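*Asks:* the sequence isn't on hand, but the structure is:
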């Protein structure tokens, strides 16, 4: 799209948004946002992850990201310890005791994916003052537009999962985060992390289908043989495999947290131990926006206060002018002293 | 309506180059040099900002605290024009001048902190409008308020340059700008607190509350009065002028009144939410909370009676401690009480601090230059800057 048209489109959309907010003060209090019906996302099953980090490499390649060079010894290996503005996806290892038993709480180890959860009611989108962070109304992808961004980093500070990151080492630094490979969707592809995952630990698909799959897994008896889909759950583009069910923690992380996310997670170890703090079900953005629109909806309250203030000030300011005039005369006379 | 007559504002006069202005100049140069590095090499080159603490003192001190310190104009204007306390009129211009500088610098300071500053205008463009964002509202209100304050202050320049006609015309509509000048700060000073609501559980319960907008607004108003006490005492000492005790003593009482309302809201909220227990657990947050509370309570002790409120030293210290309470409230809410998870820490770097000092130095320098050359402070009979000795003493 040419820049002029893009500007006009934005101007119209922005103007309409402001007018809409201003025009309907009744839309003050709002609960959590609803998930778009066609929303897509990921299901990450920690019990299937073998920590190969193929998804980390694939993410870097798909998003054309530079090395993070976190290796202290030499720069041969890219070993980001956490997501950064140049690394949108990492696999973190968790360990307890001897760390020999996979997916066990005692003496165990497990892997956890860290990347954008694509909240249904994202704090970063609510925070962004220039609509650089937006939620796609169809796919629900939380997407970033560097050309709109002013770099205030309110999104970085607001995200309860610590996901949007800023590049402090560049004079023109951008925010970096997973955008669910939205640039690959138009090519008929899907999220690179899910595409390369050898075990199906990261699974791509419609959120409704992923949610059903997550609950199917939670209902499995430990050890019961079952089928593990891989790649894209909707198209079944990769062959599934057979294997026994693990013992899950009965919690789909992301189903309820801060109003729900489009990335769902399963694990055999409690999520709090895997770096996933418990979060309330009410989204923070709905609280913030309810407050803002209660105070400023339709600009009713500010305009009313302005009206009262203008009326009072008009009465009192006249007297002020007289005083000023007299004061000025006195000053010219240069003799009198007032208290 | 009561009658009040005051000496008209007049330039203080005197030399502009003094040890104080020279020091300010040096601090400003240092800040500019650091900012040059920041714009060439990025924020990481001069600050300790990180993804756990993406906002440091350039946001919290230069903008959030800087604009709260700049509430003198707003607080005094409310008193004079809304509550019709005409006797405080001589305080309006100096307070407005300090506010003008505080806010203009806060607005400029934001640009230093913006990672993609060349897009700054997006925040004022309907094409990028984001009416759900608290920061969008803060930015619009502050930008508008800066313009309103320049209009409110413009008679000072019109007098200096003899623009009588323009001054008369402006006077006819001034009431509207004065009204706007009270509504806009109410909006954004409260919203500077609301900024934190979307942070949710990342903000410690001692500071995270839906009453943040009210708490920030009330504290900003009371800081406004404290700043006027502080500034009046400092200007009187610096320029060897008589202290306007007949105004500052009753003003201190008003300040305590607003402060009492603030404390009631603050502690009422903590009790109602059941969050006060957090203040009794051994933690940095609890310690900082009590430090903040002690600063807010100290003016009630220092300025408890009429006799104490007639003591300039007590007014100065009381005002300064209340300002410190406001500083701590903001630092605590934005930084000490902010936790994005383990492994992150932040303490400002020396260059970061120097830029903040430079920003405050611009304010001091601007205040001195303008009050010496433009009619801001009330005229005094014997110009104190008549002798070089007095001038030198005035700047010490």
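*Replies:* Perfect, I can see it now. Note that the structure is a prediction, hence the values are computed from the model and not measured.

*Asks:* can the strand or helix carrying residue B:268 be said to contact chain A?
*Replies:* Per DSSP states H and E, residue B:268 falls inside helix B:245-273. Yes: for a cut-off given as Cβ under 8 Å from any Cβ of the partner chain, helix B:245-273 has contacts with chain A, namely residue B:246. To be clear about C-beta, it is placed using only N, CA and C from the backbone, and glycine gets the same treatment.

*Asks:* list the buried ones in whatever helix or strand comes next after that helix?
*Replies:* Scanning the chain past helix B:245-273 towards its C-terminal end, the next helix or strand to appear is helix B:284-302 (assignment: DSSP H and E). Along helix B:284-302, these residues count as buried under the neighbour rule (16 or more other Cβ atoms under 10 Å in any protein chain shown): B:285, B:286, B:288, B:289, B:292, B:293, B:295, B:296, B:297, B:298, B:299, B:302.

*Asks:* tell me the gap between stretch A:68-77 and the middle of its chain.
*Replies:* From the chain centre to the centre of stretch A:68-77 is a distance of 28 Å (Cα atoms, centre = their mean, to the nearest Å).

*Asks:* end to end, how far does stretch A:258-267 reach?
*Replies:* Using Cα to Cα, to the nearest Å, the span of stretch A:258-267 from its first residue to its last is 19 Å.

*Asks:* near chain B, anything from that stretch?
*Replies:* Yes: on the criterion Cβ under 8 Å from any Cβ, stretch A:258-267 is in touch with chain B at residue A:258.

*Asks:* in which helix or strand would I find residue A:179?
*Replies:* Residue A:179 belongs to no helix or strand when assigned by DSSP H and E.

*Asks:* can you tell me the closest non-neighbouring residue to it?
*Replies:* What sits nearest to residue A:179 in space, not counting adjacent residues and going by Cβ to Cβ, 6 or more residues apart in numbering or on different chains, is residue A:143, at 5.1 Å.

*Asks:* contacting residues for the nearest residue to residue A:90 once chain neighbours are set aside?
*Replies:* Taking Cβ to Cβ, 6+ apart as the measure, residue A:90 lies nearest to residue A:114, with 5.1 Å between them; neighbours along the chain are not counted. Under the criterion of Cβ atoms under 8 Å, 6 or more residues apart in numbering or on different chains, the neighbours of residue A:114 are A:82, A:83, A:89, A:90, A:91, A:92, A:275.

*Asks:* and the longest helix for chain B?
*Replies:* With DSSP state H setting the assignment, residue counts place helix B:164-194 as the longest helix in chain B.

*Asks:* summarise which helices and strands the helix or strand following it is packed against.
*Replies:* Scanning the chain past helix B:164-194 towards its C-terminal end, the next helix or strand to appear is helix B:212-238 (assignment: DSSP H and E). Of the remaining helices and strands, those touching helix B:212-238 by 3 or more Cβ pairs under 8 Å, 6 or more residues apart in numbering or on different chains; DSSP states H and E are helix B:66-69, helix B:72-77, helix B:92-113, helix B:164-194, helix B:245-273, helix B:312-331.

*Asks:* OK, contacts around residue A:231?
*Replies:* So, once contact is read as Cβ under 8 Å, 6+ apart, residue A:231 ends up touching A:190, A:194, A:195, A:197, A:200, A:203, A:204, A:237, A:238.

*Asks:* grab the nearest non-local neighbour of it.
*Replies:* Nearest in space to residue A:231, with sequence neighbours left out and distances taken as Cβ to Cβ, 6+ apart, is residue A:238 at 3.6 Å.

*Asks:* show me the contacts for the one you found.
*Replies:* When contacts are taken as Cβ under 8 Å, 6+ apart, residue A:238 is in contact with A:200, A:229, A:230, A:231, A:232.

*Asks:* surely the third one touches residue A:197?
*Replies:* Yes: the pair formed by residue A:230 and residue A:197 meets the contact definition of Cβ atoms under 8 Å, at 6.7 Å.

*Asks:* any of the contacts of residue A:231 buried? List them.
*Replies:* Buried residues within those, counting neighbours by 16+ other Cβ under 10 Å: A:190, A:194, A:195, A:197, A:200, A:203, A:204, A:238.

*Asks:* hang on, the earlier thing: tell me the angle of the longest helix of chain B relative to helix B:212-238?
*Replies:* Here the directions of helix B:164-194 and helix B:212-238 differ by 130 degrees (axes from the mean of the first three to the mean of the last three Cα atoms, to 10 degrees).

*Asks:* tell me what helix B:164-194 is packed against?
*Replies:* For helix B:164-194, the elements it packs on are helix A:284-296, helix A:300-333, helix B:66-69, helix B:72-77, helix B:134-160, helix B:212-238, judged by 3+ Cβ pairs under 8 Å, 6+ apart.

*Asks:* what secondary structure does the residue of the stretch 251-396 of chain B found nearest chain A sit in?
*Replies:* When Cβ to the nearest Cβ is the measure, the stretch 251-396 of chain B has its nearest residue to chain A at residue B:340, with 5.1 Å between them. Residue B:340 carries the three-state label coil when classified by DSSP: H, G, I helix; E, B strand; the rest coil.

*Asks:* verify the stated contact: it with residue B:55.
*Replies:* No: under the criterion of Cβ under 8 Å, residue B:340 is not in contact with residue B:55, lying 11.0 Å apart.

*Asks:* give the residues shared as contacts by those two.
*Replies:* Here residue B:340 and residue B:55 have residue A:157 as joint contacts, going by Cβ under 8 Å, 6+ apart.

*Asks:* contacting residues around the closest residue to residue B:113 other than its chain neighbours?
*Replies:* The shortest distance from residue B:113 to any non-neighbouring residue, by Cβ to Cβ, 6+ apart, is to residue B:58 (4.2 Å). Contact criterion Cβ under 8 Å, 6+ apart gives B:47, B:109, B:112, B:113, B:352, B:355, B:356 as the residues in contact with residue B:58.

*Asks:* using CSV, lay out those residues together with neighbour count and pLDDT.
*Replies:* Compiled in CSV, the contacts of residue B:58 are given as follows (neighbours: other Cβ atoms under 10 Å in any protein chain shown; pLDDT from 0 to 100):
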residue, neighbour count, pLDDT
B:47, 24, 95
B:109, 22, 90
B:112, 21, 94
B:113, 23, 95
B:352, 22, 95
B:355, 28, 96
B:356, 22, 94
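
*Asks:* identify the farthest-apart pair in the residues you listed.
*Replies:* When the contacts of residue B:58 are compared pair by pair using Cβ to Cβ, the farthest-apart members prove to be B:47 and B:109, with a separation of 13.1 Å.

*Asks:* which stretches of the chain have low pLDDT?
*Replies:* With no chain named, the answer covers chain A. Residues of chain A that meet the criterion pLDDT under 70 lie in A:1-28, A:71-72, A:75, A:318-339.

*Asks:* you looked at the wrong chain, it should be chain B
*Replies:* In the predicted model, chain B carries pLDDT under 70 at residues B:1-6, B:381-396.

*Asks:* identify the bridge partners of residue A:134.
*Replies:* For residue A:134, the residues forming beta bridges with it (DSSP bridges) are residue A:143.

*Asks:* that one is in contact with residue A:145, isn't it?
*Replies:* Yes: here residue A:134 lies in contact with residue A:145, judged by Cβ under 8 Å, at a distance of 7.2 Å.

*Asks:* the residue in chain B positioned nearest to chain A: how many residues sit nearby?
*Replies:* Residue of chain B nearest chain A, by Cβ to the nearest Cβ: residue B:115 (2.4 Å). Neighbourhood size, residue B:115 [other Cβ atoms under 10 Å in any protein chain shown]: 25.

*Asks:* what does residue B:307 give?
*Replies:* Applying other Cβ under 10 Å, we find 10 other residues in the vicinity of residue B:307.

*Asks:* do residue B:167 as well
*Replies:* The number of residues packed near residue B:167 is 18, by other Cβ under 10 Å.

*Asks:* and for residue A:295?
*Replies:* Neighbourhood size, residue A:295 [other Cβ under 10 Å]: 18.
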